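Enquirer: A predicted structure for the sequence below; I have some questions about it.
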Amino acid sequence: MSKSFILGTFFIFLFTLATAQVQKEMTPPYNIKTVTFVKNNENVVPVFELGSSFEFQFDDLFGNEANYYYEIIHCDYNWIPSNIPKNEYLRGFDNQRIQNYSNSFNTLQLYSHYNLSIPNQFTLQLRLSGNYILKILNDDKEVIFSRKFRIYEDIASVPLQIKRARNISVVEYKHNLDFAIKSQNLIFQNPLKNINVVLIQNGNFNTEIKNIKPQYTIGNDLIYKYDIETQFWAGNEFLYFENKDIRVANNNVARVDASTDIYNCLLYTNNARRNFPYTLFQDINGNFVIKNTNATNNDIEADYAWVYFSLSAPAYRLDKGIYVSGMFNNYSLSPENKMDYNEKKGIYEKAILIKQGFTNYNYVIADNKGVIDNENAIDGNFYQTENEYTVLVYYKENTGRYDRIIGKGTANSLNIIN
């Protein structure tokens with residue numbers, strides 16, 4: 001066997017190993033803000049039906065109309081790039097420059113707003129369902145940040161019910177998901193091996209539950225009625241602030257400081273709600289709305305402000321960190337969202353640059369590895385909490401080449417049953 005053949009085989013092995021790595025979302029750099037998927041002019045959880053259209057938007061605070069490119073990668077259930085050739089899952093081309101962008105207008109914080117529509121004139125169609133990761137690259141074709149999204153087919157129904165936990169020790173604190181998978185179009189082959197599910201709470205991909213197999217079958221129906229495996233900590237309602245008129249102290253904004261280059265919105269100090277009774281108030285399940293009451297185009301006329309969060313939680317002087325979290329920052333546990341303890345005031349504080357509007361947020365405890373401590377949540381866990389749940393069904397036939405998403409089920413815990 002020749003030395004060149006051995007070296008060639010070795011390099012092919014290395015290349016295969018490199019391309020088979022699990023794809024993780026890359027946190028944007030400081031200058032990239034308000035990264036979101038948009039459908040029907042609303043920020044949405046990135047789960048889309050095959051054949052539908054959506055938009056991907058973000059702002060660049062440098063405001064210099066920089067060139068950004070995008071790449072779309074199809075992945076399997078575990079977010080490892082699939083072996084499907086790109087021309088099979090994508091009709092058209094990616095690695096194209098994002099051409100739809102415009103600069104902010106009448107704002108103190110300058111920025112360039114980018115809007116990538118899918119499909120577009122280059123990327124004509126996503127042909128397959130499954131997991132995808134969207135990468136944004138600069139002129140040097142370096143990946144600046146990335147986001148996951150999912151495409152599903154509507155060929156299986158997923159009736160879903162939210163129930164209280166069956167084990168008494170957590171009956172006041174958890175939600176249990178009971179669901180089934182039904183299809184008149186598919187005969188499930190070896191469901192214990194070929195069927196996978198993902199359970200999502202409030203669009204947070206970081207806390208999703210995976211690798212749950214069907215408990216039993218009735219005919220072609222797959223039944224999931226677990227006691228423990230499909231439970232989420234219920235949490236509490238999201239907190240919120242509103243600064244649609246950025247110059248005025250509004251809902252939960254204690255004071256506005258206009259003495260610096262851009263506005264500063266100082267929020268009222270939140271108290272840890274763990275030991276308080278549950279109180280119902282409306283939220284949007286972690287989402288956010290970009291809005292300037294005096295604007296006609298919120299994409300480029302909404303301004304940015306430093307939002308000062310403060311939390312009184314004297315019982316939580318732990319080794320773990322406390323983070324400000326929500327869809328506005330992709331539930332990211334990055335240093336930019338980690339609170340600092342102010343010894344003099346005895347409270348946790350953090351200032352985050354956020355685009356104006358209506359923003360849901362909560363406080364999350366996590367260790368330095370990003371493991372979230374939901375059991376000891378700052379604001380407690382209450383079964384009465386209203387949460388939005390999604391179940392996605394993955395199916396890979398015996399001869400299948402990729403993990404299809406064949407169905408989606410949704411339910412809200414407002415309709416919780418015992």
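Expert: All right, it came through fine.
Enquirer: all strands of the stretch 301-418 of the chain, in order?
Expert: Assigned by DSSP state E, counting those that start in this stretch, the stretch 301-418 of the chain shows strands spanning 304-312, 321-325, 340-342, 347-355, 357-366, 388-395, 404-412.
Enquirer: ok, the closest residue to residue 125 other than its chain neighbours to residue 120 distance?
Expert: Spatial nearest neighbour of residue 125, excluding adjacent residues (CB to CB, 6 or more residues apart in numbering): residue 91 at 4.1 Å. In this view, the C-beta of every residue, glycine as well, is placed from N, C-alpha and C. Separation of residue 91 from residue 120 (CB to CB, to the nearest Å): 12 Å.
Enquirer: Look at the residue nearest to residue 125 and report its pLDDT.
Expert: With respect to pLDDT, residue 91 scores 96.
Enquirer: so it sits in a helix?
Expert: No. Read with DSSP: H, G, I helix; E, B strand; the rest coil, residue 91 is strand and lies in no helix.
Enquirer: So which residues of the stretch 1-150 of the chain form strands?
Expert: Shown for the stretch 1-150 of the chain, the strands assigned by DSSP E, counting those that start in this stretch span residues 32-39, 42-43, 47-49, 54-60, 69-75, 90-92, 96-97, 101-103, 112-118, 123-126, 130-137, 143-152.
Enquirer: ok, and what's touching the longest one?
Expert: Going back to what we said before, that points to strand 143-152. 23, 25-29, 32, 35, 37, 46-50, 56, 68, 79, 126, 128-138, 205, 330, 392, 405-408 (CB atoms under 8 Å, 6 or more residues apart in numbering).
Enquirer: rewinding a little: wait, which of the strands of the stretch 1-150 of the chain is closest to residue 290?
Expert: Nearest to residue 290 among the strands of the stretch 1-150 of the chain is strand 32-39; the distance by CB to CB comes to 6.9 Å.
Enquirer: residues making contact with that closest one?
Expert: 28, 43-46, 48, 52-61, 111, 144-145, 147, 149, 290, 304, 327-328, 330, 353-355.
Enquirer: what's the answer for stretch 305-316, then?
Expert: With CB under 8 Å, 6+ apart as the criterion, stretch 305-316 contacts 241, 243, 246, 260, 262-272, 274, 322, 324, 339, 345-354, 356, 359, 361, 363, 365, 378.
Enquirer: follow-up on the earlier one: what separates the residue nearest to residue 125 from residue 286, distance-wise?
Expert: In terms of CB to CB, residue 91 sits 34 Å off from residue 286.
Enquirer: Between the two, which has more neighbouring residues?
Expert: Ranked by neighbour count (other CB atoms under 10 Å), residue 91 and residue 286 place residue 286 first, with 24 against 13.
Enquirer: Pull out the buried members of the contacts of strand 32-39.
Expert: 28, 43-46, 48, 54-61, 111, 144-145, 147, 149, 290, 304, 327-328, 330, 354-355 (16 or more other CB atoms under 10 Å).
Enquirer: Quick check: chain neighbours aside, which residue is closest to residue 361?
Expert: residue 326 (4.1 Å).
Enquirer: mind listing what's buried in stretch 237-253?
Expert: Buried, per 16+ other CB under 10 Å, within stretch 237-253: 237-244, 246, 250, 253.
Enquirer: who touches residue 248 in this structure?
Expert: residue 256.
Enquirer: The same query, at a cut-off of 10 Å, please.
Expert: By CB atoms under 10 Å, 6 or more residues apart in numbering, the contact set of residue 248 is 256, 265, 293.
Enquirer: Closest one of those to residue 172?
Expert: Minimum distance to residue 172 across the contacts of residue 248 is 35.0 Å, recorded for residue 265 (CB to CB).
Enquirer: mind listing what that closest one touches?
Expert: 241-243, 246, 248-250, 252-257, 305-309, 351, 354, 356.
Enquirer: Select from the contacts of residue 248 every entry located in strands.
Expert: 256, 265 (DSSP state E).
Enquirer: got a list of what the residue nearest to residue 125 touches?
Expert: Contacts of residue 91 by CB under 10 Å, 6+ apart are 119, 123-127.
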